[in-house]
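[1] Provided below are the primary sequence and the corresponding predicted coordinates.
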Amino acid sequence: MISATNQLLEELPLLEVRNLNKRYGKGCSSCETPDMLEGKDNRCPQCGSVWACIDVELDLYKGEILGIVGESGSGKSSLVKSLYFDDEITTGSATISTYQNGENNIFLESAQQKRYIRNHLMGMVYQNPWMGLKMNFSSGGNVAEKLIASGTYHVGKIRNRASELLEHVEIPLSRMDELPKNFSGGMQQRVQISKALANNPPILLLDEVTTGLDLSVQARVLDLIRKIQRELDVAMIVVSHDLGVIRMLADRTMVMRQGKVVEQGLTDQILEDPQHPYTQLLVHSLL
Ligand SMILES: Nc1ncnc2c1ncn2[C@@H]1O[C@H](COP(=O)(O)OP(=O)(O)OP(=O)(O)O)[C@@H](O)[C@H]1O
Ligand SMILES: [Mg+2]
Ligand SMILES: [Zn+2]
């Protein structure tokens with residue numbers, strides 16, 4: 001794993017995030033910038049606004065899995081939701097090397113360009129399948145929706161691609177026309193994954209994809225994610241509060257606490273020799 005990572009580090013990152021700051025709430029004179037809350041947690045005692053991401057920087061390389069770990073409220077979901085344009089950032093930049101030669105800050109692009117990026121360059125799998133799926137559309141219809149959004153209108157082509165994708169995540173074709181609301185949690189996550197992969201995006205964002213699933217179902221979804229990474233060479237950001245999941249999947253890991261990245265490095269190194277006291281606490285609670 002280490003030699004593969006070294007090789008990756010010689011290339012340019014696919015995704016580069018710099019100084020990403022995200023505040024929820026209007027802010028006030030006591031919390032205009034995140035450093036004004038220094039020494040406190042990231043919630044403003046005056047107005048209740050929260051700096052959910054503070055100067056977050058990350059590089060994601062082609063085909064690698066980057067883990068993001070941290071306790072509840074540390075800003076993990078805010079980070080991926082910002083990247084997927086679900087939530088508007090406060091300040092910061094992100095570039096994608098295969099989009100406009102990596103020269104444009106994607107957060108400053110037009111709504112139309114952002115839609116293009118969402119539909120062609122990224123896929124998102126939400127912790128809550130109700131966020132990522134239309135439960136009253138068939139599972140095939142959910143995948144089709146994503147294909148149509150990217151400009152595929154030929155019915156036969158859509159049906160073929162949807163069945164191919166569902167097959168890839170081991171949803172039997174006989175169930176393609178069923179509503180995902182009647183599926184088990186593990187199956188719903190697999191439909192979400194197939195939808196997220198519909199347009200072969202180079203970047204996949206996965207937010208707590210196995211949280212709340214039974215252990216055996218969890219193992220199957222984790223295996224699927226590894227298979228996808230091997231076969232499709234997709235770069236992934238895997239968010240989890242569970243270090244066990246991170247250990248299984250991630251080449252490199254970032255540890256977040258109160259909106260900040262407190263430690264990052266090779267996953268093996270972080271687990272064997274955590275430097276930050278907070279990471280030490282996380283790792284020891286896993287043992
Ligand atoms: N829509 C929102 N409005 C206001 N505050 C929010 C919103 N979303 C998140 N927050 C706040 O931002 C901070 C970071 O939340 P976030 O959901 O990113 O954490 P997380 O690391 O994903 O936690 P969890 O492990 O529980 O999913 C928290 O203090 C949270 O209360
Ligand atoms: Mg979250
Ligand atoms: Zn404030």
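    That came in fine, so what should we check first? Numbering: from 1, shown residues only. Ligands and ions are numbered 1, 2, ... in the order given.
[2] is whichever residue of the stretch 101-250 of the chain sits closest to ligand 3 in a helix, a strand, or coil?
    Residue of the stretch 101-250 of the chain nearest ligand 3, by CB to the ion: Phe107 (22.8 Å). All C-beta atoms are positioned from the backbone trio N, CA, C, and that covers glycine. Here Phe107 is helix, with the state taken from DSSP: H, G, I helix; E, B strand; the rest coil.
[3] correct me, but it touches Ala94?
    Yes - judged on CB atoms under 8 Å, Phe107 makes contact with Ala94 at a distance of 6.1 Å.
[4] Val239 should be in a strand, yeah?
    Yes - counting by three-state DSSP, one finds Val239 located in a strand.
[5] so what's it up against?
    Gly67, Ile68, Val69, Lys76, Ser77, Leu79, Val80, Leu205, Leu206, Asp207, Glu208 (CB atoms under 8 Å, 6 or more residues apart in numbering).
[6] so how far is Glu263 from it?
    16 Å (CB to CB, to the nearest Å).
[7] how distant is stretch 120-134 from the center of its chain?
    Relative to its parent chain, stretch 120-134 has a centroid offset of 9 Å by CA atoms, centre = their mean, to the nearest Å.
[8] outside of it, which residues touch it?
    By CB under 8 Å, 6+ apart, stretch 120-134 touches 77, 80, 83-84, 86, 96, 98-99, 118, 141-142, 145, 150, 180, 185, 188-189, 191-193, 195-199, 201-209, 211-212, 234.
[9] for it, measure first residue to last.
    20 Å (CA to CA, to the nearest Å).
[10] buried residues in that stretch?
    For stretch 120-134, the neighbour count (16 or more other CB atoms under 10 Å) marks His120, Leu121, Met122, Gly123, Met124, Val125, Tyr126, Gln127, Pro129, Gly132, Leu133 as buried.
[11] on that earlier part again, Phe107 and Ala94: who's more crowded?
    Ala94 (22 against 19; other CB atoms under 10 Å).
[12] which strand residues bridge the more buried one?
    Val17 (DSSP bridges).
[13] quick one: the strands in the stretch 51-200 of the chain?
    65-69, 91-96, 122-125 (DSSP state E, counting those that start in this stretch).
[14] by contact count, what packs against the second one?
    The reference is to strand 91-96. strand 15-24 (3 or more CB pairs under 8 Å, 6 or more residues apart in numbering; DSSP states H and E).
[15] can you list the buried residues in the strand it packs on?
    For strand 15-24, by 16+ other CB under 10 Å, it's Leu15, Glu16, Val17, Leu20, Asn21, Lys22, Arg23, Tyr24.
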